[in-house]
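In: no sequence on this one, just coordinates:
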């Protein structure tokens, strides 16, 4: 299950400099959709098993290169159960020196907060994986709703974090994408108040190096407020890119690696593991 398929890598053009040293490595996983029952399946795929495949591959990566921060960007659980969050924490607590979780539309705040304790950091929160870098965690979810929304509280948190860090490079992390990614049915589920978010990103665009998100169960790269937005595949089922309606992609689960450079550059790529092959590709939804 550990065969790796790595996509092409991107670096932000305005910071492209191969001589700049890497100061931190981040790994992002997203949309684990765990259940209270560790043997439960989502559209034929056992989500615990597919997550284990991804984490085994990440363990191999960490052993050879090291991880400075580990991000889980929403929909950690499918059913919002305490058991699912506790199990995820057990599976990931050894990864990285710092760990951040953000809520997704399937998550429930109370059981998620109850199991996390002091680690991982939940949104709104900040990770500092290396001198000169901060990762700002925002909650874009509305409990029991599919679409995204960033509350006034989290918008204030974002602006204050950027205003106080004039000399730092920043990554901003949400669950929902802030703009369309070219997949019609998912594009209706983006953050529904992008204007104030865009205003803040534009005001501090000299500090915001990229926006990371999940939710869309696919790898995508778009721009929002002249800033790169990178989405990350799910650790379970994948949605077909550029589809008008719900459609699954048989490509395997994956995760994103981000190498942060001292000068603000980012080298990022997605790695995947083999799918277990029992996915219900004819499903019309979930």
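Out: Done, it's in. Since the structure is predicted, the reported quantities are computational estimates derived from the model, not experimental observations. Residues are numbered from 1 along each chain as shown.

In: quick one, strands of the stretch 151-286 of the chain?
Out: Using DSSP state E, counting those that start in this stretch, the strands of the stretch 151-286 of the chain run over residues 169-173, 208-213, 220-224, 227-231, 238-239, 248-249, 254-261, 266-272.

In: burial of the closest residue to residue 246 other than its chain neighbours, as a residue count?
Out: Among residues not flanking residue 246 along the chain, residue 285 sits closest, at 5.1 Å (Cβ to Cβ, 6 or more residues apart in numbering). Every residue, glycine included, has its C-beta placed from N, CA and C. Using other Cβ atoms under 10 Å, residue 285 has 7 other residues around it.

In: residue 285 reaches residue 245, doesn't it?
Out: No. With contact defined as Cβ atoms under 8 Å, residue 285 does not count as touching residue 245 (9.1 Å).

In: picking that back up, what about the residue nearest to residue 246, distance to residue 173?
Out: 27 Å (Cβ to Cβ, to the nearest Å).

In: ok, which of the strands of the stretch 151-286 of the chain comes nearest residue 92?
Out: Proximity to residue 92, assessed across the strands of the stretch 151-286 of the chain by Cβ to Cβ, is greatest for strand 254-261 (11.4 Å).

In: which residue ranges form the helices in the stretch 101-250 of the chain?
Out: In the stretch 101-250 of the chain, helices defined by DSSP state H, counting those that start in this stretch lie at 109-116, 152-163, 184-187, 194-203, listed in chain order.

In: and the angle for the longest one with strand 169-173?
Out: Using axes from the mean of the first three to the mean of the last three Cα atoms, to 10 degrees, the interaxial angle of helix 152-163 with respect to strand 169-173 works out to 160 degrees.

In: other SSEs contacting helix 152-163?
Out: strand 133-137, strand 169-173, helix 194-203 (3 or more Cβ pairs under 8 Å, 6 or more residues apart in numbering; DSSP states H and E).

In: in CSV: those, plus mean pLDDT.
Out: Formatted as CSV, the helices and strands packed on helix 152-163 follow (pLDDT from 0 to 100):
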stretch, mean pLDDT
strand 133-137, 98
strand 169-173, 98
helix 194-203, 98
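
In: nearest to residue 231, out of those?
Out: The nearest among the helices and strands packed on helix 152-163, by Cβ to Cβ, is strand 169-173 at 11.3 Å.

In: one step back: and of the strands of the stretch 151-286 of the chain, who's closest to residue 42?
Out: Nearest of the strands of the stretch 151-286 of the chain (Cβ to Cβ): strand 248-249, 10.6 Å.

In: ok, and what's touching the closest one?
Out: 43, 218, 237, 238, 239, 240, 241, 279, 280, 281, 283 (Cβ atoms under 8 Å, 6 or more residues apart in numbering).

In: could you identify the most distant pair in those?
Out: 241 and 280 (19.0 Å).

In: who has more neighbours, the two?
Out: Counted by other Cβ under 10 Å, residue 241 and residue 280 do not tie: residue 241 has more neighbours, with 17 against 14.

In: OK, contacts around the more buried one?
Out: 182, 183, 218, 220, 249.

In: put the buried members of the residues you listed into a ChimeraX selection.
Out: In ChimeraX, this line selects whichever of the contacts of residue 241 come out buried by 16 or more other Cβ atoms under 10 Å:
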select :183,218,220,249
